[in-house]
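Peer 1: Got a predicted structure plus its sequence, pasted below:
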Amino acid sequence: MTGPLTTVDAIPVGGGVIFAAERVVVTQPTAGEFVAFDTTCTHRACAVRSVAGGAISCFCHGSRFRIADGSVAGGPAPAPLTPVPITVTDGEIRLGERP
Ligand code: FES
């Protein structure tokens, strides 16, 4: 069993944090709600690079994904980001098993 990825306090409300080594971006769309996605852009597989203004952005060709559900908000990406299972327990966020 590995340790937690991060803590809930580290994820801004209405924003998110990219964990490049783990290839996951964790967001908190509304207070107390945490979701995570694979950082691999669904356009040409660059890693997404920033979370700002309610969107996760890929700088390769400008795709943007909504922090709430990973759906496409703009750019050439053909599909949403892939969700990653997480668990939130005692203020800690752990990665679940990826398919
Ligand atoms: S690889 Fe992300 S926009 Fe093209």
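Peer 2: Looks like it arrived, so ask away.
Peer 1: Figure out the helix or strand that the residue positioned nearest the centre of the chain lives in.
Peer 2: In the chain, the residue lying closest to the centroid (Cα atoms, centre = their mean) is residue 25, at 2.7 Å. Secondary structure from DSSP states H and E places residue 25 in strand 24-28.
Peer 1: What residues are recorded as beta-bridge partners of the residue nearest to the centre of the chain?
Peer 2: residue 18, residue 37 (DSSP bridges).
Peer 1: which residues sit in contact with it?
Peer 2: Listed by Cβ atoms under 8 Å, 6 or more residues apart in numbering, the contact partners of residue 25 are 16, 17, 18, 19, 36, 37, 39, 48, 51, 56, 81. Just so you know, the C-beta spots here come from the backbone N, C-alpha and C atoms, and that holds for glycine as well.
Peer 1: looking at it, the second one is touching residue 8, isn't it?
Peer 2: Okay, so that is residue 17. No - using Cβ atoms under 8 Å, residue 17 makes no contact with residue 8, being 11.0 Å away.
Peer 1: got a list of what residue 16 touches?
Peer 2: Counting by Cβ under 8 Å, 6+ apart, residue 16 touches 25, 26, 27, 28, 51, 56, 67.
Peer 1: if we look at the ligand, which of those residues are close to it?
Peer 2: Near the ligand, judged by Cβ under 6 Å from any ligand atom, there are no entries from the contacts of residue 16.
Peer 1: from the residues you listed, which is closest to the ligand?
Peer 2: When these are compared for distance to the ligand (Cβ to the nearest ligand atom), residue 56 comes out closest, at 10.4 Å.
Peer 1: how about the residues of the chain near the ligand?
Peer 2: For the chain, the residues in contact with the ligand (Cβ under 6 Å from any ligand atom) are 41, 43, 44, 46, 58, 60, 61, 62, 63, 75, 76, 77.
Peer 1: okay, the residues you listed in a markdown table with pLDDT, neighbour count and secondary structure next?
Peer 2: Below are the residues of the chain next to the ligand laid out as a markdown table (pLDDT from 0 to 100; neighbours: other Cβ atoms under 10 Å; DSSP: H, G, I helix; E, B strand; the rest coil):
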| residue | pLDDT | neighbour count | secondary structure |
| --- | --- | --- | --- |
| 41 | 98 | 24 | coil |
| 43 | 98 | 17 | coil |
| 44 | 98 | 12 | coil |
| 46 | 98 | 14 | coil |
| 58 | 98 | 25 | coil |
| 60 | 98 | 16 | coil |
| 61 | 98 | 12 | coil |
| 62 | 98 | 12 | coil |
| 63 | 98 | 24 | coil |
| 75 | 98 | 16 | coil |
| 76 | 98 | 14 | coil |
| 77 | 98 | 22 | coil |
